[in-house]
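In: need a 3D model of the following:
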Amino acid sequence: MTDRPNMLTLTAIKKRGWTDGLIRSLLGDPDLVKTNPRGWSRAPMRLWKQERVEQAEATDEWQEAQERLASRRAKARQRAAARRAEKIEWAETVEIYVRPGLDLGRLEEAVRLEHCATRDTERHHVLRWIGNEIRHGYSSYERLIDGADGDIYRILRERTDRRIAELYPDLDRIVIDEHGRVGTFMEEAG
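Out: Here you go, the predicted structure:
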């Protein structure tokens, strides 16, 4: 914020669609440089006259630059959407490895110890812990989710859980997931 309403800060100018390059080429040096009111250790505030900014925005050079920027941004959005589609396709088709033949009795003992479970611990908690142990310790899940986000993560999680439920149908019993939702391990997965 400035004490002169006809002056624009760098932030205000950039909100109008300016880039650093356009500012250098069309506006040049600021009309006023002031101490930053947010603290002396911050960068000084550069201010341009609003009238000068508006005059530059009325030029053909500004309009052409805005068209080029819009075109570049649209192409970047298209490339990002294509990369996202490729990642989703990969997540939907990548091989999910889950170690077969695990001794669920031993896994149950291990997770009961890890979670300090007693004989009174509800069975659905134990089954969820076993499913989590298989997902994180005996499958390709951890390697596959490295760097994954949002939809990719969700797809890999669901596919891994479905594969676990296929290999270990004994886990397909009532469970409550970490969000408190009730269902079978299979329903949790898909």
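
In: and the gap between the spatially most central residue of the chain and Ala91?
Out: Among the residues of the chain, the one closest to the centroid is Asp149, at 4.9 Å (C-alpha atoms, centre = their mean). Distance of Asp149 to Ala91, computed by C-beta to C-beta, to the nearest Å: 11 Å. All C-beta atoms are positioned from the backbone trio N, CA, C, and that covers glycine.

In: sec struct for the residue lying closest to Asn132 once chain neighbours are set aside, please.
Out: Excluding the flanking residues, the one nearest Asn132 by C-beta to C-beta, 6 or more residues apart in numbering is Val111, at 8.0 Å. Classification of Val111 by DSSP: H, G, I helix; E, B strand; the rest coil places it in helix.

In: cool, and Arg73?
Out: Secondary structure, three-state DSSP: Arg73 is helix.

In: can you check Val33 too?
Out: On the three-state scheme (three-state DSSP), Val33 is labelled strand.

In: which residues does the closest residue in space to it that isn't next to it in sequence contact?
Out: Nearest-residue entry for Val33: Pro44, 5.1 Å, with adjacent residues in sequence omitted and distances by C-beta to C-beta, 6+ apart. Counting by C-beta atoms under 8 Å, 6 or more residues apart in numbering, Pro44 touches 33-36.

In: which of those tops the neighbour count?
Out: Neighbour counts for these (other C-beta atoms under 10 Å) peak at Lys34, which has 15 neighbours.

In: and for the residue nearest to that one when sequence neighbours are not counted, the neighbour number?
Out: Excluding the flanking residues, the one nearest Lys34 by C-beta to C-beta, 6+ apart is Met45, at 4.7 Å. The local packing of Met45 (other C-beta under 10 Å) involves 19 other residues.

In: one more: Ile164?
Out: So Ile164, with other C-beta under 10 Å, has 27 neighbours.

In: if I've got this straight, Ala43 is in a strand?
Out: No - counting by three-state DSSP, Ala43 falls outside a strand, being coil.

In: need phi/psi at it.
Out: Main-chain dihedrals, Ala43, degrees, to the nearest 10: phi -60, psi 140.

In: contacting residues for the spatially closest residue to it that is not a sequence neighbour?
Out: Nearest residue to Ala43, sequence neighbours excluded (C-beta to C-beta, 6+ apart): Asn36, at 6.3 Å. Each residue near Asn36 by C-beta under 8 Å, 6+ apart is listed here: 42-45.

In: thanks again, I'm all set now.
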